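Participant: Task: produce atomic coordinates for the following.
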Amino acid sequence: MMNKPPSVRAVTILDVAAAAQVSKSTVSLVLKGSPLIPAETSERVRAAAAQLGYVYNRRAGELRRQSSNMVGVVINDLMNPFFAEVLAGLERRLADAGFITLMAHTSESLERQQKVLTTMREHNAAGIALCPALDTPASLAQDLQSWGIPLVVMIRTLGEGSYDFAGADNAHGVMAATRHLLAAGHRRIGFLGGLDGLMLEQRLSGCRAAFADAGLAFDEDLVFSASPTRTGGHDAMRSLLAAQPAIKAAICYNDLVAFGALSALDENGLRAGKDFALMGFDNVFDAAHSHPPLSTVDVRPAELGKQAATLLLARMAHPGQPRQQLLARPKLVLRQSA
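Facilitator: Prediction:
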């Protein structure tokens with residue numbers, strides 16, 4: 001009776017990982033040609049793969065990615081209810097299409113952003129929706145696209161590029177708010193909150209344009225930058241009132257800044273809507289319930305999230321289609337604060 005030859009077990013990616021003393025995901029990234037892995041580690045992985053006779057099946061990897069039903073969502077600031085509302089709209093749209101979301105919060109950290117993006121790649125995300133952290137380099141979109149993962153950038157643009165984008169027309173929104181205050185007779189209007197970056201410049205440009213259209217000069221000394229938070233708004237309003245005691249109007253970078261500014265007005269014995277005209281930006285849910293209710297610029301955050309998801313789903317279905325860009329046209333919501 002002839003003996004059967006012993007079966008030879010196929011070498012797996014786990015064998016390569018064990019031989020190179022790295023994780024399975026690191027081996028996968030090296031074999032996909034990722035620039036994120038140090039050269040020394042890449043060489044060790046490739047040497048182990050060659051010694052074991054392991055051949056990376058790129059097509060199998062592609063099929064695994066195509067079959068994934070997970071979409072990565074990276075949010076820069078979940079402490080701001082605006083982004084929570086964006087996330088809710090995006091998640092509902094993706095769920096309706098049969099996808100689940102893997103959400104990560106970067107807290108404006110570039111290091112954490114890179115880590116979570118790499119993790120999403122390792123988990124074979126079918127697509128990524130990214131709201132970039134502050135100071136994210138414009139090259140990031142191209143880096144992510146080189147991974148072959150469909151991408152949509154939300155809210156905060158990365159400048160010129162071939163990526164899909166969903167956001168608001170910031171300049172138009174602030175221009176409308178400024179025109180409203182100018183029509184009410186205000187000629188000295190402060191701008192509170194926001195840190196350096198393209199989004200702040202877009203909003204300030206809307207303010208300047210409204211003044212220019214009215215044949216007036218905007219006073220740059222009335223711009224008080226601060227973190228886009230309640231605390232930032234509180235401190236910026238205090239600084240504005242200390243520097244310009246007679247000023248009677250201001251536009252805030254976002255609604256959170258406006259909420260902080262409202263508290264600073266109260267501390268100074270001033271009431272928004274009576275002694276001072278105050279405008280926010282975003283129209284988060286709480287804007288209608290502040291004291292007094294906040295006049296603001298409505299960008300419909302949940303709808304923005306839904307539109308971002310729609311762009312991403314279209315990119316996933318048609319990877320070769322031309323770049324898509326959606327700029328929501330904000331509108332004024334006038335309540336009691338201005």
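Participant: Going by C-alpha atoms from here, please, whenever you check contacts or count neighbours.
Facilitator: Will do.
Participant: Tell me where the protein has helices.
Facilitator: Here the chain has its helices, by DSSP state H, at 13-20, 24-31, 39-52, 58-66, 81-96, 110-122, 140-146, 170-183, 198-213, 230-243, 255-267, 301-317.
Participant: Tell me which of those helices sits nearest to Gly161.
Facilitator: helix 140-146 (7.5 Å; C-alpha to C-alpha).
Participant: ok now the closest one, how far from the chain's centre?
Facilitator: 15 Å (C-alpha atoms, centre = their mean, to the nearest Å).
Participant: How about stretch 236-249?
Facilitator: Computed by C-alpha atoms, centre = their mean, the chain-centroid distance of stretch 236-249 equals 31 Å.
Participant: Give me the average confidence score over that stretch.
Facilitator: Stretch 236-249 shows a mean pLDDT of 94.
Participant: in it, what's buried?
Facilitator: Going by neighbour count (16 or more other C-alpha atoms under 10 Å), the buried part of stretch 236-249 is 236-241, 247-249.
Participant: The nearest residue to Ala49 once chain neighbours are set aside: neighbour count?
Facilitator: With C-alpha to C-alpha, 6 or more residues apart in numbering as the criterion, Ala49 has its nearest non-adjacent residue at 5.6 Å, and that residue is Val16. With neighbours defined by other C-alpha atoms under 10 Å, the count for Val16 comes to 26.
Participant: For Val16, give its distance to Ser42.
Facilitator: For Val16, the distance to Ser42 equals 12 Å [C-alpha to C-alpha, to the nearest Å].
Participant: Ok, Ser28 next?
Facilitator: 10 Å.
Participant: residues contacting Ala258?
Facilitator: Contacts here follow C-alpha atoms under 8 Å, 6 or more residues apart in numbering; on that basis Ala258 touches 230, 233, 252, 278-280.
Participant: Apologies, that question was intended for Phe191.
Facilitator: With contact set as C-alpha under 8 Å, 6+ apart, Phe191 has these partners: 204, 222-224, 250-253.
Participant: List the ones among these that fall in strands.
Facilitator: In strands, defined here by DSSP state E, the members of the contacts of Phe191 are 223-224, 250-252.
Participant: mind putting those in TSV, neighbour count included?
Facilitator: As requested, the ones in strands among the contacts of Phe191 are arranged in TSV below (neighbours: other C-alpha atoms under 10 Å):
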residue	neighbour count
Val223	20
Phe224	20
Ala250	27
Ile251	30
Cys252	31
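Participant: Now flag whichever of those residues is closest to Ser107.
Facilitator: Cys252 (21.2 Å).
Participant: Enumerate the beta-bridge partners assigned to that closest one.
Facilitator: Residues in a beta bridge with Cys252, per DSSP bridges, are Leu192.
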